[in-house]
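Chemist: Any chance you could fold what I've pasted below:
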Amino acid sequence: MFPSSNNPHLPTLAIVGRPNVGKSTLFNRLVGSRRSIVGDEPGITRDRIYGETDWAGRRLRVVDTGGIIPDDQALIPSEIFRQARVALEEADAIVLVVDGRTELASPDIDLARLLLRTGKPLLLAVNKVDTPKLEPYAEEFRRLGIKELIPISAEHGNGVAELLEYVLSVVPEREDSADDENQRVPQVSPLSKPGSEEAASAGEEPQVPPLRSAASADVASVGMTIHEGHDGREQAEPLNEESADEQEEVARETKVAIIGRPNVGKSTLLNALTGTSRAIVSPVAGTTRDAVDELVERDNKTYRFIDTAGIRRKGKTELMAEKLSVVMARKHLEAADVALMVIDATEGVTSSDATIAGYAHESGRSVVVVINKWDLVTEKRTDGKPPADRSIYEEQVRRHLKFLSYAPVVFVSAATGKNVDKLFSTLELVARERRKRIGTGEMNRFLKRVDFERASVPMSKRVKIYYMTQAAVSPPTFILFTDRAVKLHFSYQRFLENQIRAAFGFVGTPIWIKNRARGEGK
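Modeler: Here you go, the predicted model:
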């Protein structure tokens, strides 16, 4: 997971400025990863993005904001300004970033006046001063009336140490609670280059990361070691011998990625789940670009909701920012425990929906299918047709998403908050089922009850199963010890998966089954 922080106990630094001055580059430099999408197109960042950094033994929460043009009344710019105001209210110190390679602009002047009125410690960072020869030009920006000025190069790290030294000298020192220490994310030095593996640079075609699938892991990769027991049979045990069950089942938080096509209501759903206006919502498809995350505690459970950018086909993305946002959305999906697959009830399941749901299924994420805007096809329907029938609609959804037969379907209206409570209870169930572990003895008693003659598999493809064990959770992964080292026939695997679900549940989560020939590797 990318470093992020919603820890209110840490002093907070807000990074603000007009569009395309390098705020996100500075943010990424400070937190040590490409958490914010960076490119040459102005206005890429829109929502507030949180991160955390360490400097001189002290921790600092950092907030990246969208480019601010105070007097722009258009919907998205005004929403960006609203989000930035929230960041300013939270901040203990503010950094105003300007572009040192351009003339002083009127939005810079307006923004400086606004920030000076806050009365909070304010630093002017003149960015893109990449060589010492450019440093004298930074003095031109003293006309903004901000006393503290530091020339920096966010791209190369020049001046970042001085910026942090100043910020930490003016923000209050706060002691972290024990819980904060437990949640601490290892940080990379702000003076080192953010990892290039996180995203492509602005001029390159981003590569979609490969999905981890059931076929891509062997026994060792799911955390198991094989040895011979006292009875001569091979035994599978966790590599870590200190209470693997407790480590896996008692998770500190459940990470929930909200995924789907553009404009199906993902950001509205995030706001409904968190009870805030955390994400910018507009009728414009593709409003969200950076992933926005928010922690919610409910019934003694902690959920981290991640609103991702709408995923669309490669040929449909034109701007580099859109291409990068799709790559980042896939990465955040891979880091999640559960995916909320949001579908627009007014449009039904499309081929793009099926493709996106396939990403979640193949990567081993648990899935809840969320039919959003349900009120628009029932009590608020305006096209003269009768209200949609829930059972018929769910049957149609399952027909299009056959591979998600295990996923619960929840009908909601994110705009009104209807059925959001049910979504929370479903999430709790799915997260618990994902971490469920069945003992080897119980699994083998189950195996004796299964009538494999009912499996529609050719005789030449059948294998004799000696016994099976659950090797891992999240997702549940089972190892079969068989008489032959052959890939299980898909019908055999599907039959066994259905039998496991009938006996043990595993609601909402894919089941991975691997086989190993008895005595293999000796």
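Chemist: wait, what's in contact with T118?
Modeler: L88, I94 (C-beta atoms under 8 Å, 6 or more residues apart in numbering). No exception for glycine: its C-beta is placed from N, CA and C like everyone else's.
Chemist: and L149, how many residues sit next to it?
Modeler: Applying other C-beta atoms under 10 Å, we find 16 residues neighbouring L149.
Chemist: A357 touches L401, doesn't it?
Modeler: Yes - between A357 and L401 there is a contact at 5.6 Å, judged by C-beta atoms under 8 Å.
Chemist: Find residues that contact each of those two.
Modeler: Counting by C-beta under 8 Å, 6+ apart, the residues touching both A357 and L401 are V369.
Chemist: and the gap between the closest residue to N515 other than its chain neighbours and G100?
Modeler: Closest residue to N515 apart from its sequence neighbours, by C-beta to C-beta, 6 or more residues apart in numbering: L480 at 4.2 Å. Here L480 is placed at a distance of 63 Å from G100 (C-beta to C-beta, to the nearest Å).
Chemist: Low-confidence ranges, the chain, go.
Modeler: 1-8, 33-48, 67-84, 174-252, 276-292, 309-329, 456-461, 519-522 (pLDDT under 70).
Chemist: follow-up on the earlier one: residues in contact with the residue nearest to N515?
Modeler: Neighbour list for L480: V463, I465, M468, L488, L496, I513, K514, N515, R516 [criterion: C-beta under 8 Å, 6+ apart].
Chemist: Surely it is within a strand?
Modeler: Yes - under DSSP: H, G, I helix; E, B strand; the rest coil, L480 falls within a strand.
Chemist: right, and F446 touches L496 too?
Modeler: No - the criterion here is C-beta under 8 Å, and F446 misses it with L496 at 10.3 Å.
Chemist: Show me which of these two is the more surrounded one.
Modeler: Between F446 and L496, L496 has the larger neighbour count (other C-beta under 10 Å), namely 22 against 16.
Chemist: The residue lying closest to that one once chain neighbours are set aside pairs with what?
Modeler: In this structure, L496 finds its nearest non-sequential neighbour in I513, 6.2 Å apart by C-beta to C-beta, 6+ apart. I513 has the following beta-bridge partners by DSSP bridges: F478.
Chemist: Next one: I513 relative to Q499, how far apart?
Modeler: From I513 across to Q499, the span is 11 Å (C-beta to C-beta).
Chemist: How about P136?
Modeler: Applying C-beta to C-beta, the value for P136 to Q499 is 76 Å.
Chemist: between these two, which one's more packed in?
Modeler: Neighbour count, other C-beta under 10 Å: between P136 and Q499, Q499 has more, with 18 against 10.
Chemist: Once you drop chain neighbours, what's closest to that one?
Modeler: Leaving out its chain neighbours, the residue that sits closest to Q499 by C-beta to C-beta, 6+ apart is V450, at 5.2 Å.
Chemist: wouldn't the one you found be in contact with I500 here?
Modeler: No - contact between V450 and I500 fails when scored by C-beta under 8 Å: they sit 9.2 Å apart.
Chemist: Which one of those two is surrounded by more residues?
Modeler: I500 (22 against 16).
Chemist: if I pick the more buried one, what's in contact with it?
Modeler: Applying C-beta under 8 Å, 6+ apart to I500 gives the contacts F446, F478, F506, I511.
Chemist: Turn the residues you listed into CSV, including distance to D130 and secondary structure.
Modeler: Shown next, in CSV, are the contacts of I500 (distance: C-beta to C-beta, whole Å; DSSP: H, G, I helix; E, B strand; the rest coil):
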residue, distance to D130, secondary structure
F446, 65, helix
F478, 55, strand
F506, 55, coil
I511, 53, coil
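Chemist: which of those lies closest to Y406?
Modeler: Ranked by distance to Y406 (C-beta to C-beta), these are led by F506 at 6.9 Å.
Chemist: is it true that L111 lies in a helix?
Modeler: Yes - assessed by three-state DSSP, L111 belongs to a helix.
Chemist: Quickly list the domain ranges of this protein.
Modeler: The chain breaks down by automatic domain parsing into domains covering 12-182, 215-243+437-517, 252-434.
Chemist: Report all helices and strands that the helix or strand where F305 lies contacts.
Modeler: Secondary structure from DSSP states H and E places F305 in strand 301-307. Other helices and strands packing on strand 301-307, by 3 or more C-beta pairs under 8 Å, 6 or more residues apart in numbering; DSSP states H and E, are strand 254-259, helix 266-274, strand 292-298, helix 420-434.
Chemist: So which of those is the most surrounded?
Modeler: Comparing the helices and strands packed on strand 301-307 by mean neighbour count (mean count of other C-beta atoms under 10 Å), strand 254-259 ranks first with a mean of 26.
Chemist: Sheet-wise, list the partners of that one with their directions.
Modeler: Note on strand 254-259: by DSSP bridges, its sheet partners are strand 301-307 (parallel), strand 338-344 (parallel).
Chemist: Residues contacting that strand, please?
Modeler: Contacts of strand 254-259 (C-beta under 8 Å, 6+ apart): 1, 266, 269-270, 301-308, 311, 329, 332-333, 335-342, 356, 359-360, 365, 427, 431.
Chemist: Alpha carbons of it, as CSV, please.
Modeler: The C-alpha atoms that make up strand 254-259 are tabulated as CSV, following Å, rounded to 0.1, in the frame of the first residue of the first chain:
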residue,chain,number,x,y,z
THR,A,254,-9.8,-4.1,6.3
LYS,A,255,-8.7,-2.3,3.1
VAL,A,256,-11.7,-1.8,0.7
ALA,A,257,-11.1,-0.6,-2.8
ILE,A,258,-14.1,1.0,-4.6
ILE,A,259,-13.8,0.1,-8.3
